[in-house]
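Asks: Coordinates only, no sequence provided:
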């Protein structure tokens with residue numbers, strides 16, 4: 001079978017001008033439909049979009065190879081588009097795509113077409129071939145260029161078998177694989193082969209595509225190799241590489257960073273693989289160590305937390321909207337958002353959802369590190385972070401009369417627990433929020449990993465009780481001790497110090513400094529202890545102002561509350577603006593929260609920024625901190641006041657100098673967005 005056998009003339013467009021990635025995909029699907037290769041065009045369209053959700057098929061060098069495989073395809077086929085002005089396809093190299101081949105593959109046992117498609121993928125790595133296709137003036141010329149290149153080029157099996165050459169004396173073996181195994185697998189193989197040839201390195205490449213493993217590495221190949229390169233996003237047998245220097249990367253790096261991988265292999269700096277004798281390992285979960293592993297574990301927690309933030313946050317925002325429509329927006333009441341029954345219901349459900357945010361974050365970080373046994377321990381650690389230490393006054397043993405009954409309620413150990421394991425009467429808060437949740441998640445994961453190693457030599461008959469008894473029991477106890485006795489008290493101390501600092505600023509009548517600090521504190525940990533310290537200070541001042549007859553004190557109190565709220569409104573809106581202005585800095589899932597973050601920011605729900613801060617704290621938090629700090633400073637300088645403890649724009653009737661308040665909010669949000677655009681790196685999806 002030849003490549004042109006799959007390519008109908010009706011499925012070729014040499015002058016396409018799509019305005020977006022979605023439009024390009026839709027045009028390509030329509031072309032495929034014209035070629036008569038599909039049973040169900042709409043079902044096939046869904047397959048193409050589902051594949052695109054996994055990762056972009058814009059592989060770089062101006063090429064995109066989207067594909068769909070399933071029962072919606074009648075027979076294998078190709079559709080081709082030359083996009084004259086290029087289109088933003090979220091490609092791996094961030095460059096526009098100007099040459100697109102869409103693949104349709106049936107879900108059958110006959111996979112002869114896969115070799116043909118694999119060959120085309122490898123041919124597209126040739127720059128001259130691509131340029132000839134883009135410059136073709138007619139469909140017949142386009143087909144002739146493909147047919148001539150097809151005739152000259154070896155089949156995939158021959159090509160792979162002949163890739164062992166080089167004069168440097170260095171031998172490398174490689175494995176490439178992608179989830180669908182149609183295009184990226186072979187493009188990565190071609191990229192590595194070309195890079196090795198340029199460096200004079202002998203290389204043998206095993207491909208693991210839809211038609212099975214090709215050019216499989218033998219034990220002798222691996223033994224003779226100086227380095228192993230695994231460029232894969234799908235399962236690869238890894239045990240055979242134990243003790244060899246190994247570079248493990250995404251399949252996209254085999255396409256776009258092949259020279260870098262070969263350079264590392266030649267340098268001899270690749271780490272030795274000590275992964276044991278496991279038969280298969282999923283590269284998406286393979287421990288890579290260092291920053292990449294930490295980021296992967298963190299993102300596992302963030303991705304599971306995100307629906308709770310979005311869903312719960314919008315429900316709370318709707319609660320404020322309902323009360324505003326009912327006419328309670330100007331009351332300044334602390335019950336705003338739960339005055340009417342419908343608002344109360346929405347706020348209750350939304351609050352419960354957002355209350356799950358930190359436990360879910362911690363639980364799924366632990367799950368990513370230690371698999372299912374880490375989940376329960378992580379949830380408990382997250383709950384402790386979200387709720388803090390229990391108040392001592394809520395327990396029977398805090399009652400002196402009860403203690404004196406038999407003297408057994410407290411002993412020396414009991415007194416130790418009572419004094420250090422509980423929040424004391426009148427003590428500061430011990431809630432560590434989402435930062436504590438991150439700490440708890442990592443602690444839980446590594447605690448369970450440690451327990452798994454300790455229990456590895458236990459008799460096989462006890463394997464059943466490890467995940468059901470030993471890991472959760474011992475793990476929960478360990479995480480509780482760490483959170484209750486170390487991290488929560490530490491956060492409590494920090495809260496006390498922060499509150500004292502704010503009080504001193506208020507007493508000194510340094511309104512500009514107070515506004516700056518309060519605004520910045522609201523954006524450091526978005527719902528965590530520092531944020532809560534600022535909010536508690538603001539609401540406390542508001543409460544005192546209600547019972548005070550001192551106009552100056554009331555002014556300070558109301559400006560403080562205004563600075564707090566504007567500081568909490570800036571991070572979500574600043575991030576939403578950055579998503580619009582700098583889309584390449586954010587993942588597709590993050591860009592999908594743009595409208596939600598505008599709503600949450602307008603509703604004074606700072607937590608909309610948490611997933612972004614958790615995913616990239618070193619860049620996001622400084623941006624939100626500066627933007628919110630400037631907004632708080634401007635509110636103080638403009639002497640904007642606020643008499644409501646919550647509500648965002650829904651309580652605009654209680655804001656003094658509302659237009660200047662909106663200016664401060666806009667300035668802070670724009671500063672956040674611009675800083676994110678400068679500091680954040682483009683993402684790889």
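Replies: Perfect, thanks for sending it. This structure is a prediction, so every number in the text was calculated from the model and none was measured.
Asks: okay, CA-based contacts and neighbour counts for the rest of this
Replies: Will do.
Asks: Tell me where the stretch 351-500 of the chain has helices.
Replies: Remark: helices assigned in the stretch 351-500 of the chain by DSSP state H, counting those that start in this stretch are 357-370, 373-387, 400-406, 412-420, 433-454, 465, 471-482, 488-507.
Asks: what angle do the second one and helix 357-370 make?
Replies: On the basis of axes from the mean of the first three to the mean of the last three Cα atoms, to 10 degrees, helix 373-387 is oriented at 150 degrees to helix 357-370.
Asks: can you state the direction angle for helix 373-387 and helix 471-482?
Replies: 30 degrees.
Asks: What is helix 373-387 packed up against?
Replies: helix 357-370, helix 433-454, helix 471-482 (3 or more Cα pairs under 8 Å, 6 or more residues apart in numbering; DSSP states H and E).
Asks: again, but for the longest one
Replies: In terms of contacts (3+ Cα pairs under 8 Å, 6+ apart), helix 433-454 is packed against helix 357-370, helix 373-387, helix 471-482.
Asks: Let me know the average pLDDT across stretch 342-360.
Replies: The pLDDT scores in stretch 342-360 average 87.
Asks: What residues of it count as buried?
Replies: 343-351, 353-360 (16 or more other Cα atoms under 10 Å).
Asks: Give me the distance from it to the chain's centre.
Replies: For stretch 342-360, the separation from the chain centroid amounts to 22 Å (computed by Cα atoms, centre = their mean, to the nearest Å).
Asks: and if you look at stretch 436-451?
Replies: 19 Å.
Asks: circling back to that earlier point, which one of the helices and strands packed on helix 373-387 is the most hemmed in?
Replies: helix 357-370 (a mean of 30; mean count of other Cα atoms under 10 Å).
Asks: quick one, that one and helix 433-454 angle?
Replies: 30 degrees.
Asks: which other residues reach helix 357-370?
Replies: For helix 357-370, the external contacting residues (Cα atoms under 8 Å, 6 or more residues apart in numbering) are 285, 296-302, 304-306, 308-309, 373-383, 385-386, 433-434, 437-446, 448-449.
Asks: My read is that residue 620 contacts residue 612, right?
Replies: Yes - counting by Cα atoms under 8 Å, residue 612 is a contact partner of residue 620 at 6.8 Å.
Asks: Could you tell me which residues touch both of the two?
Replies: Residues touching both residue 620 and residue 612 (Cα under 8 Å, 6+ apart): none.
Asks: more neighbours, the two?
Replies: Applying other Cα atoms under 10 Å to residue 620 and residue 612 shows that residue 620 carries more neighbours, namely 25 against 21.
Asks: Next up, identify which helix or strand that one is on.
Replies: Per DSSP states H and E: residue 620 is located in helix 617-637.
Asks: For that helix, what is the distance to the chain centroid?
Replies: So, by Cα atoms, centre = their mean, the centroid of helix 617-637 is 23 Å from its chain's centroid.
Asks: still on that earlier bit, now tabulate the helices of the stretch 351-500 of the chain in a markdown table and tack on distance to residue 236.
Replies: What follows is those, written out as a markdown table (distance: least, Cα to Cα, whole Å):
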| stretch | distance to residue 236 |
| --- | --- |
| helix 357-370 | 19 |
| helix 373-387 | 24 |
| helix 400-406 | 63 |
| helix 412-420 | 50 |
| helix 433-454 | 23 |
| helix 465 | 31 |
| helix 471-482 | 29 |
| helix 488-507 | 43 |
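Asks: Mean pLDDT lowest where, among the ones you listed?
Replies: Among the helices of the stretch 351-500 of the chain, helix 400-406 carries the lowest mean pLDDT (a mean of 46).
Asks: need the contact list for the residue sitting nearest the centre point of the chain.
Replies: By Cα atoms, centre = their mean, the mean C-alpha position of the chain lies nearest to residue 299, the distance being 4.3 Å. Residues near residue 299 by Cα under 8 Å, 6+ apart: 365, 614, 615.
Asks: buried ones in the host helix or strand of it?
Replies: Per DSSP H and E: residue 299 is located in helix 290-325. Under the neighbour-count criterion of 16+ other Cα under 10 Å, helix 290-325 has 293-294, 296-306, 308-310, 312-324 buried.
Asks: that older thread, so which of the helices and strands packed on helix 373-387 comes closest to residue 54?
Replies: Taking Cα to Cα, helix 357-370 is the member of the helices and strands packed on helix 373-387 nearest to residue 54, at 18.4 Å.
Asks: now that closest one against helix 290-325, angle please.
Replies: 160 degrees.
Asks: what's the distance between the residue nearest to the centre of the chain and residue 612?
Replies: When distance is defined by Cα to Cα, to the nearest Å, residue 299 is 10 Å away from residue 612.
Asks: Quick one: low-confidence residue ranges for the stretch 101-250 of the chain.
Replies: 108-118, 153-168, 179-183, 209-212 (pLDDT under 70).
Asks: meant to ask about the stretch 551-685 of the chain, not that
Replies: Residues of the stretch 551-685 of the chain that meet the criterion pLDDT under 70 lie in 644-645, 684-685.
Asks: Can you show me the helices along it?
Replies: Remark: helices assigned in the stretch 551-685 of the chain by DSSP H, counting those that start in this stretch are 551-581, 588-591, 594-602, 610-615, 617-637, 658-679.
Asks: Of those, which stretch is the most buried?
Replies: helix 551-581 (a mean of 28).
Asks: helices and strands around that one, which ones?
Replies: Looks like helix 551-581 contacts helix 511-522, helix 529-546, helix 588-591, helix 594-602, helix 617-637, strand 641-642, helix 658-679 (3+ Cα pairs under 8 Å, 6+ apart).
Asks: please redo it, this time with the cut-off set to 6 Å
Replies: helix 511-522, helix 529-546, helix 594-602, helix 617-637, strand 641-642, helix 658-679 (3 or more Cα pairs under 6 Å, 6 or more residues apart in numbering; DSSP states H and E).
Asks: I'd like to know which of these is closest to residue 473.
Replies: Nearest of the helices and strands packed on helix 551-581 to residue 473, taken as Cα to Cα: helix 529-546 at 28.3 Å.
Asks: Could you tell me the average pLDDT over that closest one, please?
Replies: Mean predicted lDDT for helix 529-546 stands at 67.
Asks: Same check on stretch 15-25?
Replies: Stretch 15-25 comes out at a mean pLDDT of 91.
Asks: Would you confirm that residue 188 contacts residue 257?
Replies: No - in this structure residue 188 lies outside contact range of residue 257 using Cα atoms under 6 Å: 9.3 Å.
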